[in-house]
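>>> Quick one, fold the following:
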Amino acid sequence: MRICLISEGAYPYVTGGVSSWVQSMILNMPEHEFIVYSISAKKIKNVTRKYEQPPNLLEIHDIFLGEYVEERIQAGRRYHITEEEKEAFLSLIGGKETRWDVLFEFFVSGRVDSILNFLASKDFFDIVRVLCEKRFVHVPFTDMFWALRSMVLPLFLCIDQKMPEADLYHGVSTGYAGVLGALAKHQYNKPFLLTEHGIYTREREEEIIKASWIKGYFKDIWIDYFYSLSQCAYTHADRVTSLFEGSRQIQIELGCPGEKTSVIANGIDVGKFHTGNRKQKESGIHIGAVVRVVPIKDIKSMIQSFSIVQQEMQDSYFYIIGPYDEDEEYYAECVEMAEILGLRNLVFTGSVNVQEYLSFLDILVLSSISEGQPLVILEGLAMEIPFVSTDVGSCAELLLGKYDSFGKAGTIVPVMHFHLMANDLIELAVNPELRSTYGRNGRERVTSLYTLPGMIRKYNELYEEVNPHGRHRISAERTL
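Model prediction:
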């Protein structure tokens, strides 16, 4: 079967998380051929692929949306859109059920020579004017025009691309990736599966609420818009999976039909994690975080908690393990905060062999503002290392065992409560027996419930369920 995986802003240029999941799916399904369709905001100079391309990964289609804004614009054109098409555009922003089939047909018809030209056309001008007259009477037209243009530009650029043909499409989030999965289903009449690692809509809503560049009265418009994108994915998907039950319930609350939903948890290759390789350092307590240094991981709260721990325990050591080149400005702010706090024994390792650190760390910590089901927790527990984590995604389920009887494998604290995080780190640091108990519990939970073979088997069953006759269909059709 030829499967097109559609991801947003990750594989193969960013390590960890969704990227690791994509690579794992391809490597562990050698019987299938894969195409990866990767959407990114902009192309970063000198960026390299972080993963070696498996033999069954046929193509990687990169879409860098920022490249298209350099095109020359011809303003004031007419595209002779129909009333039905105009209503479809209005419904995308106007708070009604969106006619995605009409929008898809408009863009794949070949009538649009350039998305930037369309957004500078008299037709788009008319759409904005109608929205202002009917729904946004108190919003200045100029503000509305430029806000809507920036809002729909990435979406229209995505829809304007030709999707590669495959037997099955598997979106790795809602948002733009989810809409492209729906577009592919519309174009080729092939099955579309959706997997959410985190609830995309909720994550975007949090970002919009905090964003200073979005004026107050536009925040609701942006939030409704992203809900509309998610609804497109939920409506067109044949099946929708999540990583844990709490996430599945949120999907249903957001409008996904419950009968489409199921849970497929992440899994790791437990055989790669040998607890016999663990070697305790001669002295001190060693605390680590396997993480990308980016704002959503809230490295600053972690650093503040480390500072409190070090005041209580002079022989404590901290390792922030992972790349720090994704957001260099944020990394610099984190380094500066550590210096201001006078924090000693803190190391930003950059990209390294994580296994080397898991062999001696006493405690692992996660301070994220948002997560799905972190692979780093599964891997840490597989090495019998206890965790202190913020209460995001399925972290409480993994560490506290809400739905099993294996016992606690760590502790949970509220987001951004660095002082509570520090208290729990100190409690574990001074209690080796508790660390050992939590570590054993975590290992048992992972080896029983979160294995890679189990995850791969469930996805294979799902692929066969939605497309039982799709194996190598494209190759056969081309041969004929």
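>>> residue ranges of the helices in the stretch 51-200 of the chain, please?
83-94, 100-108, 115-119, 122-134, 141-159, 175-188, 200-210 (DSSP state H, counting those that start in this stretch).
>>> I meant the stretch 351-480 of the chain, not that one.
Applying DSSP H, counting those that start in this stretch to the stretch 351-480 of the chain gives helices spanning 354-358, 375-382, 395-400, 418-429, 432-449, 452-466, 473-479.
>>> Show residues contacting the fifth one.
Helix 432-449 is contacted from outside by 265, 268, 270, 275, 362-363, 378, 380-387, 398-399, 401, 404, 406-410, 427-428, using C-beta atoms under 8 Å, 6 or more residues apart in numbering. C-betas here are computed from N, CA, C, even on glycine.
>>> That one versus helix 375-382: what angle between them?
On the basis of axes from the mean of the first three to the mean of the last three C-alpha atoms, to 10 degrees, helix 432-449 is oriented at 110 degrees to helix 375-382.
>>> May I see the buried residues of helix 432-449?
For helix 432-449, a neighbour-count test (16 or more other C-beta atoms under 10 Å) marks 435, 437-447, 449 as buried.
>>> any low-confidence regions in the stretch 251-400 of the chain?
Within the stretch 251-400 of the chain, no stretch has pLDDT under 70.
>>> for it, what spans make up the strands?
Secondary structure of the stretch 251-400 of the chain by DSSP state E, counting those that start in this stretch: the strands cover 261-263, 285-290, 316-321, 346-350, 363-366, 387-390.
>>> about what we covered before: give me the buried subset of the contacts of helix 432-449.
With neighbours counted by 16+ other C-beta under 10 Å, the contacts of helix 432-449 contain buried members at 265, 268, 270, 362-363, 378, 380-387, 398-399, 401, 406, 408-410, 428.
>>> if I look at Ser212, how far off is Ile296?
Per C-beta to C-beta, to the nearest Å, Ser212 is found 17 Å from Ile296.
>>> Just send the strands of the stretch 251-400 of the chain back as JSON lines, with distance to Pro191 too.
Listed next are the strands of the stretch 251-400 of the chain as JSON lines, based on distance: least, C-beta to C-beta, whole Å:
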{"stretch": "strand 261-263", "distance to Pro191": "15"}
{"stretch": "strand 285-290", "distance to Pro191": "35"}
{"stretch": "strand 316-321", "distance to Pro191": "39"}
{"stretch": "strand 346-350", "distance to Pro191": "41"}
{"stretch": "strand 363-366", "distance to Pro191": "35"}
{"stretch": "strand 387-390", "distance to Pro191": "35"}
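>>> And those strands: which comes nearest Ser305?
Checking the strands of the stretch 251-400 of the chain against Ser305 by C-beta to C-beta gives strand 363-366 as the closest, at 7.5 Å.
>>> and that closest one, what does it pack onto?
Judged by 3 or more C-beta pairs under 8 Å, 6 or more residues apart in numbering; DSSP states H and E, strand 363-366 is in contact with strand 285-290, helix 375-382, strand 387-390, helix 418-429.
>>> ok, and what's touching stretch 63-79?
Stretch 63-79 is contacted by residues 37-43, 111-112, 114-118, 120-123, 153-154, 157-158, 161 when judged by C-beta under 8 Å, 6+ apart.
>>> run the last query once more with 10 Å
The contact list for stretch 63-79 (C-beta atoms under 10 Å, 6 or more residues apart in numbering) reads 8, 37-44, 85, 106, 111-126, 153-158, 160-161, 176, 180.
>>> Now restrict those to buried residues only.
Using 16+ other C-beta under 10 Å as the burial test, the contacts of stretch 63-79 include 8, 37-40, 85, 106, 112, 114-121, 123-124, 153-158, 160-161, 176, 180 as buried.
>>> can you tell me the average pLDDT over stretch 234-244?
When pLDDT is averaged along stretch 234-244, the result is 96.
>>> Report the backbone C-alpha coordinates of it in CSV.
Output of stretch 234-244 as CSV, limited to C-alpha atoms (Å, rounded to 0.1, in the frame of the first residue of the first chain):
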residue,chain,number,x,y,z
TYR,A,234,-13.0,15.6,11.4
THR,A,235,-15.8,15.6,8.7
HIS,A,236,-13.8,14.2,5.9
ALA,A,237,-11.7,11.7,7.8
ASP,A,238,-12.7,8.0,7.7
ARG,A,239,-11.2,7.3,11.1
VAL,A,240,-9.7,9.6,13.7
THR,A,241,-7.2,8.4,16.3
SER,A,242,-5.8,10.0,19.4
LEU,A,243,-3.1,9.0,21.8
PHE,A,244,-5.1,8.7,25.0
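>>> Which positions in it come out as buried?
Here stretch 234-244 shows 234-244 as buried, counting by 16+ other C-beta under 10 Å.
>>> In strands, which of those appear?
239-242 (DSSP state E).
>>> okay, the residues you listed in TSV with distance to Tyr79 next?
Listed next are these as TSV, based on distance: C-beta to C-beta, whole Å:
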residue	distance to Tyr79
Arg239	36
Val240	34
Thr241	38
Ser242	39
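>>> Quick check: phi and psi at the residue lying closest to Glu87 once chain neighbours are set aside.
Nearest non-adjacent residue to Glu87, counting by C-beta to C-beta, 6 or more residues apart in numbering: Arg99, 6.9 Å away. Dihedral pair for Arg99: phi -90, psi 80, per degrees, to the nearest 10.
>>> Which pLDDT value does the model give Arg99?
For Arg99, the model assigns a pLDDT of 90.
>>> so who does Glu84 touch?
99, 102, 105-106.
>>> I meant Phe226, not that one.
Shown in contact with Phe226 (C-beta under 10 Å, 6+ apart): 151, 174-175, 200-205, 207-208.
>>> mind redoing it with 8 Å?
Applying C-beta under 8 Å, 6+ apart, we find Phe226 in contact with 175, 200-201, 204-205, 208.
>>> cool, and Ile264?
By C-beta under 8 Å, 6+ apart, the contact list for Ile264 reads 195, 241-243, 455, 458-459, 462.
>>> Could you tell me the end-to-end distance of stretch 233-249?
16 Å (C-alpha to C-alpha, to the nearest Å).
>>> quick revisit: right, and the helices of the stretch 51-200 of the chain - which one's nearest Tyr227?
When these are compared by C-beta to C-beta, helix 200-210 sits nearest Tyr227, at 5.6 Å.
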